[in-house]
Each structure stands twice: as structure tokens, then as C-alpha cells.
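Peer 1: I'll drop the sequence and a predicted model, then ask my questions.
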Amino acid sequence: MINKPYKEFGDFLNSIFPHKVQKISINAGFTCPNRDGSKAVGGCTYCNNQSFSPGYGGKQRTVTDQLRDGIAFFSHKYPEMKYLAYFQSYTNTYDDIDKLILLYEEALAYPNVEGIIIGTRPDCMPKELLDYFEKLKDRTFLLIEYGIESTLDSTLEFINRGHTYAESIEAIYQTAAKGIYTGAHMILGLPGESREQMLEHADKLSELPLTTLKMHQLQLIKGTVMARQYREHPEWFNLFEVEDYIDLCIDFTERLNPDFIIERFVSQSPKSLLIAPDWGLKNFEFTAKVLKRFAERKAYQGRLYKSVKA
């Protein structure tokens, strides 16, 4: 196998499963504490959930219906494929615990579903639910993915996240201590952050017991508070040109813990919702450019990583 400059999520899954697996995204109809008024209203300033919820997901549809349609999309072309149920939209641990468990178990009971991925916030993981996950991980694949977005509290406050970085640290440590695969999600290019501050995210995250890391460029989406901020204060924003962002990704990866699995560098919102940046690249085309630049620079994950625990 060709040596790769970073640890890829696909290789991570291949090391666990003897067959190909595909994520099926699910919208289980949840909300968020910074939408329903318990912490704030309006949600994160960048968030329009339509930008990452696929067409077969929907608030009024059951988990089973969404899995059936999602699997049908892939199974005719890949009949041997197995699946991971990805609870993606909004905060997927934010409800009555008994209701949550019923939804997770509904997904896991569906034919050919061999695991579950749950996206959530670091301030929405009650102890009782984490205890359930500790047992669940012994009978199926389980990855908990926390939306961290930034390690700077000033940024988290500006984007109306409703939690601190300290809460992210606590949730990650508590989850990893249970032996659960633990992931983090980061946005690069949030308003007010310098390039060096973005790279310092890599240093801080690298000291946490993470399994996976998912990052992407800031995207301005129609119908969001951030879209209005961009119209009124464009000077707050530094939207990357694609080549600059590729170099940022490589610099970030070189400072990153070499044990982390990198799930992605980029995200692609629907053109009908996207304001900027519009690079005109599919995700696989962007990844090809990243790999080419890694080779040109002779760069690799962890080259500049220095553990403070060493």
C-alpha cells in the first residue's frame, strides 16, 4: 500500500470492517439548546441545517424510512455494502434519554446497519446517556462526534455556540475514558481568527484523546446570521482562495497529532444555498489537490507535532 501523508478515515474503517461501509445520514427531528431558548435562540450564526441534510432526511420521517431510502440509493450499485447510521442534523443527544435510546436502537436494528455515528454538542452529553454508550460500544461500532468549531472562547461567543472550549475538553475526556471512539468537528476561517490562531487549534486539539477529526472551510450560507454579517461587515471575513486553504490544511495537519484519523478537509454545501466561497470543486477533486500539494511540499501529518506531555 502506498504510504499516505495523513491517516484517512476510509483506512480506519477498513481496519475495523471486513467489507465496505457507507454512512447514511439521518435527521431525527432534534433541535439544539441554542435554538430552543434553553441557552439561546437563533442557533449558531453560520447554521442552516439544509446545507448538510441530504434529500432523503426529513423531520417528519422515521429513522427506518430514512435508512431504507438511503440504503436503496447505494445498494443497487454496491449490493455487498454495509452501513453506518449517522445521526447528523442538529444535536442528536438532546432529548429524553429513553426516546434517544429507542431511536438509536431502531437504527441498529435495520438490516445491514453495522454501527452508529452520533453528532452532538459537548454540553449535551448527560452521564446516563454516556453510560449507555459505554455498553453500546461493546456490541457495535460507535463514534461520538462533538462540534467543537473553535478552541477560542471569544470565537465561540461570537458565533453563538453557547458553550466554552473547556466544556469541549471535558466531554472529549469523559467520552474517550469510556473507550468510545471520539471525534471532533472544526471550522477553519471563522471571523476574527488569524491564520496562526487557526493553526494553534491543531496544537490544542492534539493534546486531547481524540480518534477522529473532521474540518472544513467556513462557508457562508443563505438565510443565516453570518450571511447578514457578511453583507454588513465584509471586513470581518477572510474567505480563502482554494490554494491558500489547501496550504492551511497542510500546515494544520503537520502540527496535528500523528495518531488522529482525518475524516475530511472540506465540505460542499448545495449551490442553491452557498454564498461563498464557491471553488467549483467536488470533494474528491479537492482531496486530489491536497494530496498533490502534500507531495510537492514533502509534508506529512505530525511532522511539526510537539507533545506538551512528552
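Peer 2: Here it is on my side, so go on.
Peer 1: For the stretch 151-300 of the chain, which segments count as strands?
Peer 2: Under the criterion DSSP state E, counting those that start in this stretch, strands of the stretch 151-300 of the chain are mapped to 181-188, 212-217, 220-221, 261-264, 274-276.
Peer 1: and of the ones you listed, who's closest to residue 196?
Peer 2: strand 181-188 (12.4 Å; Cβ to Cβ). Quick note: C-beta positions are derived from backbone N, CA and C, even for glycine.
Peer 1: what helices or strands is that closest one leaning on?
Peer 2: Secondary-structure packing of strand 181-188 (3 or more Cβ pairs under 8 Å, 6 or more residues apart in numbering; DSSP states H and E): strand 141-149, helix 165-177, helix 195-205, strand 212-217, helix 242-254.
Peer 1: thinking again about what came up before, quick one: the strands of the stretch 151-300 of the chain as JSON lines, columns for mean neighbour count, distance to residue 232 and mean pLDDT too.
Peer 2: Shown next, in JSON lines, are the strands of the stretch 151-300 of the chain (neighbours: other Cβ atoms under 10 Å; distance: least, Cβ to Cβ, whole Å; pLDDT from 0 to 100):
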{"stretch": "strand 181-188", "mean neighbour count": "22", "distance to residue 232": "20", "mean pLDDT": "97"}
{"stretch": "strand 212-217", "mean neighbour count": "23", "distance to residue 232": "21", "mean pLDDT": "96"}
{"stretch": "strand 220-221", "mean neighbour count": "20", "distance to residue 232": "13", "mean pLDDT": "92"}
{"stretch": "strand 261-264", "mean neighbour count": "20", "distance to residue 232": "31", "mean pLDDT": "96"}
{"stretch": "strand 274-276", "mean neighbour count": "15", "distance to residue 232": "13", "mean pLDDT": "91"}
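Peer 1: Out of those, which gets nearest to residue 108?
Peer 2: Taking Cβ to Cβ, strand 181-188 is the member of the strands of the stretch 151-300 of the chain nearest to residue 108, at 15.6 Å.
Peer 1: For that closest one, which strands pair with it and how are they oriented?
Peer 2: Strand pairing for strand 181-188, using DSSP bridges, gives strand 141-149 (parallel), strand 212-217 (parallel).
Peer 1: List phi and psi for residue 140.
Peer 2: Backbone torsions for residue 140, taken as degrees, to the nearest 10, come to phi -160, psi 170.
Peer 1: Any stretches of this protein with poor pLDDT?
Peer 2: Low-confidence segments of the chain (pLDDT under 70): 1-2, 33-42, 49-60, 308-310.
Peer 1: Geometrically speaking, which residue is the centre of it?
Peer 2: The centroid of the chain falls nearest to residue 185 when counting by Cα atoms, centre = their mean (3.9 Å).
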